[in-house]
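Chemist: Provided below are the primary sequence and the corresponding predicted coordinates.
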Amino acid sequence: MKEFERRDLGEDIRRSGSGKMLRRSRTTSITLDHNLIEKLRAKGVKRGLGYQTMLKMIVMEHLDEY
């Protein structure tokens, strides 16, 4: 346990290949109006979320409506 707490295991994990993450999302970029971002921030603060997470939740919850 002591060695575990003292050691950065990043290189061991990389060498083993066991730390590969499965990426299920893709980075994208959109331009949003400043006022929209501020509204998303305000809504997110109420839920303890950032504006990008808030936007993602809104899209996931309402996508099927379109």
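Modeler: Sure, I can see it. What you see is a predicted model, and the numbers here were worked out from it, not measured in a lab.

Chemist: from here on, just use CA atoms for contacts and neighbour counts.
Modeler: Noted.

Chemist: contact partners of the longest helix along the chain?
Modeler: Longest helix in the chain by number of residues (criterion: DSSP state H): helix 34-47. Applying C-alpha atoms under 8 Å, 6 or more residues apart in numbering, the external contacts of helix 34-47 come out as Gly50, Tyr51, Gln52, Thr53, Met54, Leu55.

Chemist: give me the phi and psi for Arg26.
Modeler: With angles defined as degrees, to the nearest 10, Arg26 shows backbone torsions of phi -130, psi 140.

Chemist: if we can go back for a sec, of the contacts of helix 34-47, buried ones?
Modeler: For the contacts of helix 34-47, burial is judged from neighbour counts taken by 16 or more other C-alpha atoms under 10 Å, and it is met by Tyr51, Met54, Leu55.

Chemist: so which of the residues you listed belong to helices?
Modeler: Taking DSSP H as the definition of helices, those contribute Tyr51, Met54, Leu55.

Chemist: can I get the residues you listed in TSV including distance to Asn35 and pLDDT?
Modeler: Formatted as TSV, those follow (distance: C-alpha to C-alpha, whole Å; pLDDT from 0 to 100):
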residue	distance to Asn35	pLDDT
Tyr51	12	94
Met54	15	94
Leu55	13	95
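
Chemist: could I get these in a markdown table, plus columns for distance to Leu63?
Modeler: Converted to a markdown table, those look like this (distance: C-alpha to C-alpha, whole Å):
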| residue | distance to Leu63 |
| --- | --- |
| Tyr51 | 18 |
| Met54 | 14 |
| Leu55 | 12 |
